[in-house]
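Colleague: Just to be clear, the model below is a prediction. Sequence and coordinates:
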Amino acid sequence: MLKGKSALVTGSTSGIGLGIAKALAAQGANLVLNGFGDAGAAKAEVEALGVAVEHHGADMSKPAEIEDMMRFAAERFGRIDVLVNNAGIQHVAKVEDFPTERWDAVIAINLTSAFHTTRLAVPAMREANWGRIINIASAHGLVASAQKSAYVAAKHGIVGFTKSVALETATTGITSNAICPGWVLTALVQKQIDDRAAREGISVLQAQNELLGEKQPSLQFTTVEQLAGLAVFLCSPAADQVRGVAWQVDGGWTAQ
Ligand code: NAD
């Protein structure tokens, strides 16, 4: 379906980003990966699917590095047809204790980076009259939790940003949508589980069950493969008129 097209997935050396990159590659897209994890291993996993793959190590909190990555992608593949804004970090603290440097980092990486990649990708998408912008938001883009003020602000922000871009591109072949996962068992969530187990003096398994029981009625983690399946659908012709949605894949979290 995506043969001859190219995709850029931010934060794709692990977790959800890597899963989406692999699913897009399986559809034939060439890939630009990004992220601070093991770039060689991620690249090899995606290359095994028979597409051309590059990695750019831009720090998504630094606009100049994002600009360099977008230039690099355009030089290598002509343009970016599918842009997946996925890079994200978390910090958990009460608002009065929230380190201001962490606030700035969460907003920069989880929200502002998507503004920069999108503003730089849209002109070539407009020229081609085709493009897919997929923002990985969160259940926290729709509802809040305590001690996650920066993350919740950034994720609500990216849902709004997704809708604005969808309206600006509504008469074109470019669509902009957000995916809102519930708990997915990646490094980002494992850290929260480990912290909880240590804080409460309980086992990791108990902490995991508590985490799910609090928020996710299905009591099952959302998987990377399920999110990747939705990303592929959003790239398909069937999704041509899916514009500006924030689509939950959250085991019922936000239905409550
Ligand atoms: P992860 O920690 O496995 O992956 C995050 C990726 O972002 C990694 O590749 C990391 O290297 C990269 N990254 C971090 N800081 C970066 C920076 N400054 N510049 C460039 N890359 C950077 O986490 P994940 O769970 O796969 O999260 C991916 C996205 O999904 C995030 O936006 C996260 O908020 C969102 N999300 C995750 C969950 C979950 O339960 N795991 C739920 C909802 C939303």
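Modeller: Received, thanks. Numbers count the residues shown, from 1 in each chain.

Colleague: Would you report the backbone torsion angles of residue 134?
Modeller: phi -120, psi 120 (degrees, to the nearest 10).

Colleague: Next, the contact list for it, please.
Modeller: 20, 82, 83, 84, 85, 177, 178, 179, 231, 234, 235 (C-beta atoms under 8 Å, 6 or more residues apart in numbering). Where C-beta positions appear, they are placed from N, C-alpha and C, glycine not excepted.

Colleague: 10 Å - rerun?
Modeller: With contact set as C-beta atoms under 10 Å, 6 or more residues apart in numbering, residue 134 has these partners: 7, 9, 20, 24, 82-86, 162, 175-179, 227, 230-232, 234-235, 247.

Colleague: Same check on residue 149?
Modeller: 91, 92, 93, 94, 95, 98, 103, 106.

Colleague: And residue 63, by the same measure?
Modeller: So residue 63 contacts 108, 112, 113, 115, 116, 120 (C-beta under 10 Å, 6+ apart).

Colleague: what do you get for residue 156?
Modeller: The contact partners of residue 156, by C-beta under 10 Å, 6+ apart, come to 111, 137, 138, 140, 141, 142, 143, 144, 246.

Colleague: what about 7 Å?
Modeller: Taking C-beta atoms under 7 Å, 6 or more residues apart in numbering as the criterion, residue 156 is in contact with residue 141.

Colleague: and it, what pLDDT?
Modeller: According to the model's per-residue confidence, residue 156 sits at a pLDDT of 99.

Colleague: now the one 4 residues further on
Modeller: Confidence per residue is given as pLDDT, and for residue 160 that number is 99.

Colleague: Beyond the helix or strand hosting it, next helix or strand please.
Modeller: Following DSSP states H and E, one finds residue 160 within helix 149-168. Along the chain past helix 149-168, the next helix or strand (assigned with DSSP H and E) turns out to be strand 174-181.

Colleague: Could you tell me the angle between that following strand and helix 149-168?
Modeller: Following axes from the mean of the first three to the mean of the last three C-alpha atoms, to 10 degrees, one obtains 150 degrees for the angle between strand 174-181 and helix 149-168.

Colleague: Tell me the strands beside the helix or strand where residue 83 lies, with direction?
Modeller: When secondary structure is defined by DSSP H and E, residue 83 falls within strand 82-85. In the sheet, strand 82-85 lines up against strand 6-9 (parallel), strand 131-136 (parallel) (DSSP bridges).

Colleague: Out of the ones you listed, which one sits most buried?
Modeller: With neighbours defined by mean count of other C-beta atoms under 10 Å, none of the strands paired with strand 82-85 is more surrounded on average than strand 6-9, at a mean of 29.

Colleague: Report the mean confidence score over that strand.
Modeller: The pLDDT scores in strand 6-9 average 98.

Colleague: Could you report the neighbour count for residue 226?
Modeller: Neighbouring residues of residue 226 were enumerated by other C-beta atoms under 10 Å; the total is 15.

Colleague: give the contact list for residue 27.
Modeller: Contacts of residue 27 were listed using C-beta under 7 Å, 6+ apart, and they are 1, 2, 232.

Colleague: residues contacting the residue nearest the centre of the chain?
Modeller: By C-alpha atoms, centre = their mean, the mean C-alpha position of the chain lies nearest to residue 86, the distance being 2.0 Å. Taking C-beta under 7 Å, 6+ apart as the definition of contact, the neighbours of residue 86 are 9, 10, 11, 12, 16, 17, 20, 136.

Colleague: Inside strands: which ones of the residues you listed?
Modeller: When strands are assigned by DSSP state E, the members of the contacts of residue 86 inside them are 9, 136.

Colleague: Which one of the contacts of residue 86 is nearest to the ligand?
Modeller: residue 11 (2.5 Å; C-beta to the nearest ligand atom).

Colleague: In this structure the closest one contacts residue 18, no?
Modeller: No. Applying C-beta atoms under 7 Å as the test, residue 11 and residue 18 come out as separate, 8.8 Å apart.
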